[in-house]
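Undergrad: the following comprises the amino acid sequence and a computationally predicted model.
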Amino acid sequence: MKSLSYPDSACSRRKVLRAGARIAGLGAAIAAFGPMALISRPALAQAKGVQPEEELAQTMERLFGKRPIKDGAGMVEFTIPMIAENGSVVPARVEVKGAMGKGQYAKAIYIIADKNRRPLSAKYTFTQDAGGALVGTNLRLGDTSNVRAVVELSDGSLYQAVQEVRVTVGGCGG
């Protein structure tokens, strides 16, 4: 009987053994160090820097410093339900309206839930080439709370719209 040999084959025995050794090494790393073995060093370092909780005042200070935040009525259109039947999925939409001056544009939109353990729920950044600023997302709210959309313009000025969202259990208003 003729021996089966494929010298021109892209899948040699050596390649198969190397792949098997890599898989075995990965399995050993997971067994020894748990799932954290799969996270890259920069991601792991970033995750270690996250604090479990932060007060609203600390978040506002960290994001905006001492800059005043003006009322965004007429400029910031913030759409979020007043009553959320499920705090795990609360739809929110923020659009920046109004005439932007030459060279002035919406640089960032922040969505902040006052009573969440980590108040900053989302941050979106824009460039002048975006042409406008409109975002939609789903938020997770832990409790009835004010939710604010803060818009930072390219000149550093801040505008906000605030809406109280009542989180109910099963939509019963409680």
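TA: Received the coordinates, thanks. Residues are numbered from 1 along each chain as shown.

Undergrad: name the next helix or strand downstream of the one helix or strand in the chain whose mean pLDDT sits lowest, please.
TA: Every helix and strand of the chain was ranked by mean pLDDT, DSSP states H and E. The lowest is helix 41-48, at a mean of 60. Of the helices and strands lying after helix 41-48 in sequence (DSSP states H and E), the nearest is helix 56-64.

Undergrad: packing partners for that following helix?
TA: On a contact count with 3 or more C-beta pairs under 8 Å, 6 or more residues apart in numbering; DSSP states H and E, helix 56-64 meets strand 106-113, strand 145-153. Every C-beta, even on glycine, is put in place using the N, C-alpha and C of the backbone.

Undergrad: redo those as TSV? Include mean pLDDT, distance to residue 27 and mean neighbour count.
TA: Listed next are those as TSV, based on pLDDT from 0 to 100; distance: least, C-beta to C-beta, whole Å; neighbours: other C-beta atoms under 10 Å:
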stretch	mean pLDDT	distance to residue 27	mean neighbour count
strand 106-113	94	40	22
strand 145-153	95	44	22
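
Undergrad: residues contacting the most centrally placed residue in the chain?
TA: By C-alpha atoms, centre = their mean, the mean C-alpha position of the chain lies nearest to residue 122, the distance being 4.8 Å. Contacts for residue 122 (C-beta atoms under 8 Å, 6 or more residues apart in numbering) come out as 109, 110, 111, 135, 137, 139.

Undergrad: distance of residue 160 from residue 63?
TA: With distances taken as C-beta to C-beta, to the nearest Å, residue 160 is found 12 Å from residue 63.

Undergrad: then the helix of greatest length in the chain to PDB, C-alphas only?
TA: The residue-count maximum for a helix in the chain (DSSP state H) belongs to helix 13-33. Extracted in PDB, the C-alpha atoms of helix 13-33 (Å, rounded to 0.1, in the frame of the first residue of the first chain):
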ATOM      1  CA  ARG A  13       2.200  18.000  10.500                       C
ATOM      2  CA  ARG A  14       4.500  20.600  12.100                       C
ATOM      3  CA  LYS A  15       1.800  23.400  11.600                       C
ATOM      4  CA  VAL A  16      -0.800  21.200  13.200                       C
ATOM      5  CA  LEU A  17       1.400  20.400  16.200                       C
ATOM      6  CA  ARG A  18       2.200  24.100  16.600                       C
ATOM      7  CA  ALA A  19      -1.500  25.000  16.600                       C
ATOM      8  CA  GLY A  20      -2.300  22.300  19.100                       C
ATOM      9  CA  ALA A  21       0.500  23.500  21.400                       C
ATOM     10  CA  ARG A  22      -0.900  27.100  21.200                       C
ATOM     11  CA  ILE A  23      -4.400  25.900  22.100                       C
ATOM     12  CA  ALA A  24      -3.000  23.800  25.000                       C
ATOM     13  CA  GLY A  25      -1.000  26.800  26.300                       C
ATOM     14  CA  LEU A  26      -4.100  29.100  26.100                       C
ATOM     15  CA  GLY A  27      -6.100  26.500  28.000                       C
ATOM     16  CA  ALA A  28      -3.300  26.200  30.700                       C
ATOM     17  CA  ALA A  29      -3.200  30.000  31.000                       C
ATOM     18  CA  ILE A  30      -7.000  30.200  31.500                       C
ATOM     19  CA  ALA A  31      -6.900  27.300  34.000                       C
ATOM     20  CA  ALA A  32      -4.100  29.000  36.000                       C
ATOM     21  CA  PHE A  33      -5.100  32.700  35.800                       C
END
